[in-house]
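# Provided below are the primary sequence and the corresponding predicted coordinates.
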Amino acid sequence: MCRLFNFLLLVLLLAGCSGSQTAQSALDANAQISPPQQQLAVDRSVQITPYPTPGAEDLEVYLPMLAGKSIGLVVNKASQVDGKHLVDVLMSNEVNVTAIFAPEHGFRGDADAGEHIDSQRDMKTNLPIYSLYGKTKKPSSDVLSQLDVIVFDLQDVGVRFYTYLSTLHYVMEAAAEQGKQVIILDRPNPNGYYIAGPVLDKELTSFVGLHPVPIVTGMTIGEYGLMINGQGWLANGIKCNLKVIKCPTYTHQMTFELPVSPSPNLPNHRAVLLYPSLCLFEGTTVSVGRGTDAPFQQIGHPQLDQYTESFRPVSGYGSKSPKHQDQYCYGKNFQSLPLQEIIDQRLDFTSLIEFHQALSQNGIQFYNKNNFFEKLAGTSTLREALGSGLSNKDLQLSWSEQLSQFKSIRQLYLLYP
């Protein structure tokens, strides 16, 4: 009996060791193939309202405006009406769609950030697709001469350096020059409940910031279009014949999750909320998790091994050549941070200050060798402030007067309470 017990005990111990080795081998193999996967429990500490009705679903309002006209669409994968793409919905309603314009990330939304998009044809409809993120970021006069109306339907996230705002500017400008109408099918802004950050300095104008607005605007893309027009920001002060189809149920106080990812590296609500605070790291040597399953939900650097959290960026969907590719980056992971805490923090520079200090004190380069950080920040004073050791609270207070002036301008163009 004793021998049998010892034998069974030995079998169990060997099985445990074998299982442990097998599991570890699987983990090691997985680490060589793809970034770690993590299943998170649903955060139920926040009252998330359903996605408010977008303008694109108010078909009865805008379909009569398109009847008998030649239509161009500025759309991507998030341009949907009740789960169907706007292109298919309009064509099923006998709207004469003749051209598609694709912004950054492309018509289907699978191109890397900053990757040039080539003009092509849509395989499903055979419609021509004209890139607005390649050699030209502005619709050509030749294409516009064949159109009557441009319908603009892109899901914005309410942040100055999200390039769909610049795409809107150039579409409106081209349309104004050719005497064409632009109809914006407005969409709710998931970061529309606050306004924050420095206002863009004119000398730092670029495609990641064309207008004197703060980092977080607190405006929908439709309201923003009205402001572009009203403030005379188009070339030579020209005005676009602009119509905004409002979101029937939206208010700026709402917190909600987008039904479709607006771009490859904003895959979920957490990333969308953290994006305003973490995108400034794109102008530094710190990775924001591109090339992992949690972009804009973690930050790290190969030389910060004093941190216990780590990830390894690899080439893949939406990030063909991520920063620090195939290297382990050590830093902070925000995937377990309660959503309510992220919502309450709003635009937060605590991690930016922390990582600037950690790298600089060890003689490690923090900023990229260009002025991309300044273009994202919209000001050169933020780099100076980080070097002087200002706190997050001090930084926020430093542009309070700018924000007060912007709020007065913003008020003129609001469509929602």
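Sure, I can see it.
# Every contact and neighbour count from this point should use C-alpha atoms.
Fine.
# contacts for stretch 94-104?
With contact meaning C-alpha atoms under 8 Å, 6 or more residues apart in numbering, stretch 94-104 is reached by 63, 66-76, 87, 90-91, 107, 111, 113-117, 127-133, 139, 147, 163-164, 167.
# Just the buried subset of these, please.
Buried members of the contacts of stretch 94-104, scored by 16 or more other C-alpha atoms under 10 Å, are 66, 70-76, 87, 90, 107, 111, 113, 116-117, 129-133, 139, 147, 163-164, 167.
# Out of those residues, list just those in strands.
70-75, 129-131 (DSSP state E).
# Looking at those residues, which is nearest Ser380?
Nearest to Ser380 among those is Ser131, at 31.7 Å by C-alpha to C-alpha.
# wait, doesn't that closest one sit right on Ser140?
No - here Ser131 lies out of contact with Ser140, judged by C-alpha atoms under 8 Å, at a distance of 10.3 Å.
# just the helices in the stretch 201-350 of the chain please.
221-230, 269-278, 339-345, 350-361 (DSSP state H, counting those that start in this stretch).
# So for whatever helix or strand comes next after the last one, mean pLDDT?
So that's helix 350-361. Downstream of helix 350-361, the first helix or strand assigned by DSSP states H and E is helix 372-377. Average pLDDT, helix 372-377: 98.
# Alpha carbons of helix 372-377, in CSV - could you do that?
What follows is helix 372-377, C-alpha atoms only, in CSV (Å, rounded to 0.1, in the frame of the first residue of the first chain):
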residue,chain,number,x,y,z
PHE,A,372,8.0,66.1,-33.7
PHE,A,373,7.5,66.4,-30.0
GLU,A,374,7.0,70.2,-30.4
LYS,A,375,4.6,69.6,-33.3
LEU,A,376,2.5,67.3,-31.2
ALA,A,377,2.6,69.5,-28.1
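# Show residues contacting that helix.
Residues contacting helix 372-377 (C-alpha under 8 Å, 6+ apart): 161, 198, 200, 204-206, 208-209, 215, 279-284, 367, 380, 382-383.
# separation between Lys393 and Leu347?
To Leu347, Lys393 is 11 Å away according to C-alpha to C-alpha, to the nearest Å.
# the more surrounded of these two?
Just comparing Lys393 and Leu347: by other C-alpha atoms under 10 Å the higher neighbour count belongs to Leu347, 22 against 11.
# Look up how far Lys407 lies from the more buried one.
Using C-alpha to C-alpha, one obtains 16 Å as the distance from Leu347 to Lys407.
# what's the closest non-adjacent residue to Ser310?
Tyr330 (4.4 Å; C-alpha to C-alpha, 6 or more residues apart in numbering).
# What count of nearby residues applies to that neighbour?
For Tyr330, the neighbour count with other C-alpha under 10 Å is 23.
# Show the contacting residues for it.
Contacts of Tyr330 (C-alpha under 8 Å, 6+ apart): 299-311.
# Go again with 6 Å.
300-302, 304-305, 307, 309-310 (C-alpha atoms under 6 Å, 6 or more residues apart in numbering).
# Strands - which of the residues you listed land there?
300-301, 309-310.
# Next, format those as TSV and append distance to Lys243.
Below are the ones in strands among the contacts of Tyr330 laid out as TSV (distance: C-alpha to C-alpha, whole Å):
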residue	distance to Lys243
Gly300	44
His301	46
Glu309	48
Ser310	47
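# Of those, which pair is most distant in space?
Those two in these that are separated most widely, counting by C-alpha to C-alpha, are His301 and Glu309, at 10.6 Å.
# Looking at these two, which is more packed in?
Comparing His301 with Glu309 by other C-alpha under 10 Å, the one with more neighbours is His301, at 26 against 15.
# Might one say that that one is in contact with Thr285?
No - His301 is beyond contact range of Thr285, at 7.3 Å (criterion: C-alpha atoms under 6 Å).
# tell me how far stretch 408-417 is from the chain's mean position?
Centroid displacement of stretch 408-417 relative to its chain, using C-alpha atoms, centre = their mean, to the nearest Å, is 23 Å.
# Stretch 153-171 too?
On C-alpha atoms, centre = their mean, the centre of stretch 153-171 falls 10 Å from that of its chain.
# give me every residue that touches Gly289.
Per C-alpha under 6 Å, 6+ apart, neighbours of Gly289: 295-296, 298-299.
# cool, Thr220 as well?
Thr220 neighbours (C-alpha under 6 Å, 6+ apart): Asn189.
# Quick check: the closest residue to Lys323 other than its chain neighbours vs Leu337, distance?
Leaving out its chain neighbours, the residue that sits closest to Lys323 by C-alpha to C-alpha, 6+ apart is Ser287, at 5.9 Å. Remark: distance between Ser287 and Leu337 (C-alpha to C-alpha) = 19 Å.
# Gly291 too?
Gly291 is 21 Å from Leu337, by C-alpha to C-alpha.
# Next: Ile228.
Ile228 is 36 Å from Leu337, by C-alpha to C-alpha.
# Counting neighbours, go ahead and name the busier of these two.
More neighbours surround Ile228 than the other of Ile228 and Leu337, with 22 against 12 (other C-alpha under 10 Å).
# In this protein, where is pLDDT below threshold?
The chain contains residues with pLDDT under 70 at 1-47, 105-106, 108-119.
# Now do the domain split for it, please.
For the chain, automatic domain parsing gives the domain ranges 55-254, 269-410.
# and the end-to-end length of the longest one?
I take that to be domain 55-254. 16 Å.
# So which residues of the stretch 201-350 of the chain form strands?
241-245, 298-301, 309-311, 329-333 (DSSP state E, counting those that start in this stretch).
# Would you mind putting the ones you listed into TSV with distance to Thr220 alongside?
Output for the strands of the stretch 201-350 of the chain, formatted as TSV (distance: least, C-alpha to C-alpha, whole Å):
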stretch	distance to Thr220
strand 241-245	11
strand 298-301	27
strand 309-311	34
strand 329-333	29
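# A helix includes Pro64, no?
Yes - counting by DSSP: H, G, I helix; E, B strand; the rest coil, one finds Pro64 located in a helix.
# That one - how many residues pack around it?
By the criterion of other C-alpha under 10 Å, Pro64 has 10 neighbours.
# what's the distance between it and Val95?
10 Å.
# Asn265 now?
32 Å.
# for Asn333, same thing?
Asn333 is 47 Å from Val95, where distance means C-alpha to C-alpha.
# And Ser141, by the same measure?
Taken as C-alpha to C-alpha, the span from Ser141 to Val95 is 22 Å.
# Val143 too?
18 Å.
# okay, those two: which has more neighbours?
The neighbour comparison of Val143 against Val95 (other C-alpha under 10 Å) goes to Val95, with 19 against 12.
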